[in-house]
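Starting from these lines, generate the structure:
(2 chains)
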Number of protein chains: 2
Amino acid sequence: MPSEFDLIRRHFTRPARHTELAVGDDAALLAPRPGMRLAVSTDMLVAGTHFFADTNPEGLGWKTLAVNVSDLAAMGAEPRWAFLALALPQADEAWIAAFARGFFACADAFAIDLAGGDTTRGPLTLSVTIVGEVPAGAAITRGGARAGDDLWISGQPGRAALGLAALRGETGLDAIHHAEFVDALQRPQPRVALGLALRSLASAMLDVSDGLLGDLRHLLECSGTGAIVEVAALPLAALAASGADPALCRRCLLAGGDDYELLFAAAPRHRAEIDALSARLDLPLHRIGEFTPARERLLLREADGGLAAPAACGYDHFA
Amino acid sequence: MPSEFDLIRRHFTRPARHTELAVGDDAALLAPRPGMRLAVSTDMLVAGTHFFADTNPEGLGWKTLAVNVSDLAAMGAEPRWAFLALALPQADEAWIAAFARGFFACADAFAIDLAGGDTTRGPLTLSVTIVGEVPAGAAITRGGARAGDDLWISGQPGRAALGLAALRGETGLDAIHHAEFVDALQRPQPRVALGLALRSLASAMLDVSDGLLGDLRHLLECSGTGAIVEVAALPLAALAASGADPALCRRCLLAGGDDYELLFAAAPRHRAEIDALSARLDLPLHRIGEFTPARERLLLREADGGLAAPAACGYDHFA
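Sure thing, here's the model as predicted:
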């Protein structure tokens, strides 16, 4: 059996694009560009909690990196370097090779160097730390939304949760939507180009990983505002066209996880620019509500005009 | 039961010393000082592989950070920011509080900010990414050792492995040494001050975590040199004074893990400076051999003058 060191070398050593010293020493050496701040985020994915242990390893490799890239996109930062810590129950080389293929496919898509990591034996666990750059003062935090700002969401939230429900046999979907929604679950597309373009437009932003309403609450907490979500403005039709029950579609859109879309606030004067950006990126951007002065108060306005607080939402790993 | 978010906030949010934006957004924002390179390292510790699941959580918190600090020390870098990803089987608040106490004790000892992280449910797993700074061109890599350089080791390698053997009932130790060696195992002291002081003296360096000879092999591979280790120069007496079997002491010194001492190469002209540094830091620095031109050839010279290759050494998690 090849040794740990051989396995790492064989599958995780690729030429670095912009790293002074990468994999193989006690630490990597990075040279940030002048005037840049570093944006750093860490995520841990555990088999049985975040994914099935028998998940296709190539898709898992993509997703492991993509969810971290999404965190940087949500800051308006450019991803540059990744670090991967990996616990594996055994040294299964075919698994490692497929995982590395998916991981590097995502790294290549965003010009990210894998600059270091750690491999060890243990229950299947993946931990990525991603490091990116953003000009000083340009990062988009969660704390800048103001009453009167519009509330926007990118792409099509709810697809990943419907894809998961279909894989679990909890709903039927027509064949085309089944493939699309499972792909959204397994190969999320982090919105890096959108995040960069929003630096001068968004006043606050985060990526939606635990459900739209739950993550919106984090934005409200950090910004000290409230929000009203317009149900009629939500992109429900594209989900309902899949054949799934409309109530399930609504639940997945508002509270499903794994979207990795960007939820952001922007002043109304930026509407035309944001619509133009949507066209340029070929990515739907939906204006789904507005921020209010009512501190942390989240309300849904139904199509009939009725206003009500949503039921519990969001995902707590220990709840 | 408090929610995941409450737990994180309560125990892992401390005032940041030098972080522009820390825990609580999609990513942390760091402002590296001008002229600095960033040194970044990641380690993952898994219950059952690296520590017993019932290990004292305060000691574990210290060690989880300390082993990462040691990696930066080995580059001659100054630790500045840490990121902690944590999988826990349940939200045991007493455990989390004790772990955080130990973790922050180490963070405070080295003026490190915990700048971000992730908490999730899963088999007990700890992954730290540490970020430090080193002036451009000043990092000490594994690749700079030259034939004729002296081989040095800091402190007292072998103590942690003897402490572990004692905890497992594999050896007796007198009471004073038992306490000292178990402490070395549970609260390793990363050699940061030494690493910084060696920037102008050492030609190559790494930290010894998997056994002195095994890690020395990595230095030889990276530097393209060989080495002869002088058995008579090894600090064996201090281990043997514990009452443990001399053969076990030798094995622990040469191939035991968890030392977190610095192994380094330095030109002979630096001997007096290194001895003075040892006095200044009140830390023994042992000159235990020399580097040779024989590519990757590692030999031990016994006290009787006989030269021989050591038996297999080092630790492979999948072997």
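
just so I have it, where are all the helices in chain A?
Using DSSP state H, the helices of chain A run over residues A:4-12, A:57-73, A:93-109, A:159-167, A:175-186, A:192-197, A:212-223, A:237-240, A:246-255, A:271-281.

Could I get the average pLDDT for stretch A:76-89?
Averaging pLDDT along stretch A:76-89 yields 94.

how much distance is there from that stretch to the middle of the chain?
14 Å (Cα atoms, centre = their mean, to the nearest Å).

Could you tell me which ranges of the stretch 1-150 of chain A sit under the pLDDT cut-off?
A:1-5 (pLDDT under 70).

Could you measure from residue A:129 over to chain B?
Using Cβ to the nearest Cβ, to the nearest Å, we find residue A:129 at a distance of 4 Å from chain B. In this view, the C-beta of every residue, glycine as well, is placed from N, C-alpha and C.

Dig out what that residue forms beta bridges with.
On the basis of DSSP bridges, residue A:129 is bridged to residue A:42, residue A:83.

Does it touch residue A:71 like I think?
No. In this structure, residue A:129 is not within contact of residue A:71 by Cβ atoms under 8 Å, at 10.3 Å.

Now the common contact residues for those two.
Common neighbours of residue A:129 and residue A:71, counting by Cβ atoms under 8 Å, 6 or more residues apart in numbering or on different chains, are residue A:41.

mind listing what's buried in stretch A:25-41?
Going by neighbour count (16 or more other Cβ atoms under 10 Å in any protein chain shown), the buried part of stretch A:25-41 is A:25-30, A:32, A:36-41.

returning to that earlier point: as JSON lines, the helices of chain A with distance to residue B:240 would be great.
As requested, these are exported to JSON lines (distance: least, Cβ to Cβ, whole Å):
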{"stretch": "helix A:4-12", "distance to residue B:240": "32"}
{"stretch": "helix A:57-73", "distance to residue B:240": "48"}
{"stretch": "helix A:93-109", "distance to residue B:240": "43"}
{"stretch": "helix A:159-167", "distance to residue B:240": "60"}
{"stretch": "helix A:175-186", "distance to residue B:240": "58"}
{"stretch": "helix A:192-197", "distance to residue B:240": "59"}
{"stretch": "helix A:212-223", "distance to residue B:240": "58"}
{"stretch": "helix A:237-240", "distance to residue B:240": "72"}
{"stretch": "helix A:246-255", "distance to residue B:240": "64"}
{"stretch": "helix A:271-281", "distance to residue B:240": "69"}
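
for these, which one ends up most surrounded?
Sort the helices of chain A by mean neighbour count, taking mean count of other Cβ atoms under 10 Å in any protein chain shown, and helix A:57-73 sits at the top with a mean of 26.

what residues does the stretch 51-200 of chain A put near chain B?
A:71-72, A:74-75, A:77, A:81, A:83-88, A:90-91, A:115-123, A:125, A:127, A:129-132, A:134, A:136, A:139, A:141-143 (Cβ under 8 Å from any Cβ of the partner chain).

Now, the buried residues of stretch A:25-41 that are in strands?
Applying DSSP state E to the buried residues of stretch A:25-41, the entries found in strands are A:28-30, A:36-41.

farthest pair in these?
Largest separation among those by Cβ to Cβ: A:29 and A:41, giving 20.2 Å.

just the buried residues of stretch A:25-41 that are near chain B?
Counting by Cβ under 8 Å from any Cβ, the members of the buried residues of stretch A:25-41 near chain B are A:25-30, A:32, A:37-41.

Just give me the closest of those residues to residue B:194.
residue A:26 (13.7 Å).

Would you confirm that the closest one contacts residue B:208?
No. At 10.8 Å, residue A:26 and residue B:208 do not qualify as touching, with contact defined as Cβ under 8 Å.
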